[in-house]
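[1] Show me the folded form of this:
(one chain, ligands or ions: 4)
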Amino acid sequence: MRKRPRSILQCMVFAAAALIVFLGISVAVPAFEPATLTEAEWASLDYTLFSEMQALDGSGNYIWGPPVQYSWTQYAPDYPQAYKLRGVVLNDPAKMLDSTAQYSEGPKGALGGLWQVYIQTTETDPLVDFGGAALWMGQNYGNHPWHYPYYSYSYSNEQWIAEIAELNYPIDQATGLPVTEPLRPGDLIEVRARGAVYYNGKFNCNEEHTNEEYRDFQIIVLQRDVPIEPVDITLADVKYSDNSFIVDYSRATGAEFYQSQYVTLHNVTIDSVTSWGTYGGIVVTDGARTFDIKLGYNTAFDGAEIPSGTFDITGIFDQEGTYRMWATSPADFTPSSALIAGDANGDGTVDEDDALRLAAHWGLGDDASWYDGDFNGDYRVDAADAAILAANWGETAAEESPVPEPGVLALGLIGVVAIGFACRGRQWCQARGV
Ligand SMILES: [Ca+2]
Ligand SMILES: [Ca+2]
Ligand SMILES: [Ca+2]
Ligand SMILES: [Ca+2]
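    Ligands and ions are numbered 1, 2, ... in the order given. Take a look at the predicted model:
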């Protein structure tokens with residue numbers, strides 16, 4: 001991990017502080033003043049471009065840093081690093097990392113609750129701006145290698161819950177009040193930030209691992225339900241045929257160009273399954289190239305069917321050391337080419353196997369995929385999907401026309417399925433509170 005270089009002055013301050021602690025001298029330390037910019041001061045700032053934030057020099061080293069604002073006032077021993085970002089939210093924070101409050105004093109690295117969203121520019125001309133950034137929060141900064149074992153850097157469970165409530169329910173610019181439905185994909189937001197860390201190949205907007213208010217970042221919702229169109233890519237856009245990544249330090253092409261962009265990766269199959277489940281991971285391949293897919297902290301993965309055949313994945317292209325992609329819902333996986341509606345397992349025939357799949361996932365809402373039995377693309381498995389399956393009962397990919405009298409057997413089976421699993425569906429819903 002690389003840290004922002006510290007100035008000689010900062011080093012001297014730390015050395016003096018260490019000496020004071022060593023000698024047991026008690027001195028009065030002035031309280032930090034949070035960098036409270038006025039509305040006019042925030043308004044006067046230009047938005048930082050993501051392409052500037054993530055820029056690299058000719059050797060691949062980062063060249064940006066949070067802009068230091070000298071003009072307003074001095075906040076010894078630190079200084080305000082106010083900057084603004086503007087982008088569209090790409091993921092539901094509740095489906096990416098586990099934000100459950102888990103305060104602990106040690107062990108080193110146990111960060112407790114985690115929270116993250118990716119945002120992307122709305123610019124469509126990459127010469128103006130492209131890509132995005134992650135906004136990241138952790139609870140137990142005192143367990144972070146920077147601070148361990150100084151637990152005063154951490155948030156208590158109560159403080160953490162309050163922190164992420166502010167981020168999940170930010171102020172809506174239109175009303176001046178917090179939104180009533182939490183932050184979600186498609187929210188165009190302004191981020192008023194005071195910190196950033198370069199980590200594993202990208203700048204994250206964060207609090208620089210301190211719970212002090214002067215490093216807070218705030219979100220303001222500018223607009224909701226802004227469409228975000230994924231960019232279509234194949235593995236050939238980011239990897240050479242020898243399976244090495246295309247890394248262009250100018251970031252005009254290859255993996256760097258797609259970093260933090262919302263993409264649909266086309267035409268891949270399963271290479272290996274590390275863990276198909278909550279916060280798991282899989283490796284996909286196009287036959288020559290392989291690629292890591294990180295699954296979000298979404299329990300819907302635990303019961304979901306693993307995609308079969310050739311499929312597409314829509315999610316966030318990411319760099320975490322190596323390049324990878326986030327998929328935060330089973331519904332992010334879709335068949336690459338049209339299958340017969342009802343062919344959940346993609347074997348070319350609509351039959352009992354598909355009906356059983358649909359039945360097994362009956363009542364699933366919000367995260368259901370084609371492979372679970374969502375044939376109309378509303379991410380739910382219900383009677384509408386059963387009707388589609390029934391209408392195509394007996395069809396095979398080889399036969400263009402449906403078999404005669406498709407409805408009677410199919411509808412009978414679907415009826416049995418629906419009755420048999422209605423109870424299971426209710427239990428599933430009750431268990432998950434939906
Ligand atoms: Ca990078
Ligand atoms: Ca904070
Ligand atoms: Ca089938
Ligand atoms: Ca459906």
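[2] In contact with the residue in the chain that ligand 1 sits nearest to, which residues are there?
    Scanning the chain for the residue nearest ligand 1 gives Gly201, at 3.9 Å (criterion: CB to the ion). From N, CA and C alone the C-beta is placed, and that goes for glycine too. Residues near Gly201 by CB atoms under 8 Å, 6 or more residues apart in numbering: 259, 319-321.
[3] Return only those of those found close to ligand 1.
    Among those, the residues lying close to ligand 1 (CB under 5 Å from the ion) are Gln319.
[4] so which of the contacts of Gly201 is the most crowded?
    For the contacts of Gly201, the largest neighbour count, defined by other CB atoms under 10 Å, is 22 neighbours, found at Gln259.
[5] how does the protein divide into domains?
    31-223, 231-334, 341-432 (automatic domain parsing).
[6] what would the ones you listed look like in a markdown table with distance to ligand 4 and mean pLDDT?
    As requested, the domains of the chain are exported to a markdown table (distance: least, CB to the ion, whole Å; pLDDT from 0 to 100):
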| stretch | distance to ligand 4 | mean pLDDT |
| --- | --- | --- |
| domain 31-223 | 19 | 92 |
| domain 231-334 | 10 | 98 |
| domain 341-432 | 4 | 78 |
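[7] Hmm, Gln218 and Glu166 touching each other?
    Yes - using CB atoms under 8 Å, Glu166 is in contact with Gln218, at 7.4 Å.
[8] how about the helices in this protein?
    Using DSSP state H, the helices of the chain run over residues 8-23, 39-44, 50-53, 157-168, 254-258, 300-303, 352-360, 383-391, 407-432.
[9] need the domains of the chain in a markdown table with distance to ligand 3, can you?
    A markdown table is the format used below for those (distance: least, CB to the ion, whole Å):
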| stretch | distance to ligand 3 |
| --- | --- |
| domain 31-223 | 28 |
| domain 231-334 | 10 |
| domain 341-432 | 4 |
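[10] Was I right to think Ile282 contacts Thr290?
    No - in this structure, Ile282 is not within contact of Thr290 by CB under 8 Å, at 10.4 Å.
[11] These two: which is more packed in?
    Neighbour count, other CB under 10 Å: between Ile282 and Thr290, Ile282 has more, with 22 against 15.
[12] residues in contact with that one?
    With contacts defined as CB under 8 Å, 6+ apart, the neighbours of Ile282 are 270-276, 292-293, 295, 306.
[13] Filter those down to just the ones in strands.
    270-275, 292-293, 295 (DSSP state E).
[14] got a list of what the residue lying closest to Gly346 once chain neighbours are set aside touches?
    Computed as CB to CB, 6 or more residues apart in numbering, the closest residue to Gly346 that is not its neighbour in sequence is Gly309, at 4.2 Å. With contacts defined as CB under 8 Å, 6+ apart, Gly309 is in contact with 269, 335-336, 339, 346.
[15] List the buried residues in stretch 252-272.
    Of the residues in stretch 252-272, 254-266, 268, 270-271 count as buried by neighbour count, 16 or more other CB atoms under 10 Å.
[16] now it: how far from the chain's centre is it?
    15 Å (CA atoms, centre = their mean, to the nearest Å).
[17] Glu181: neighbouring residues, count only.
    By other CB under 10 Å, neighbour count at Glu181 equals 9.
[18] is it true that Trp362 touches Asp382?
    Yes - using CB under 8 Å, Trp362 is in contact with Asp382, at 7.4 Å.
[19] Right, I'll call it a day here.
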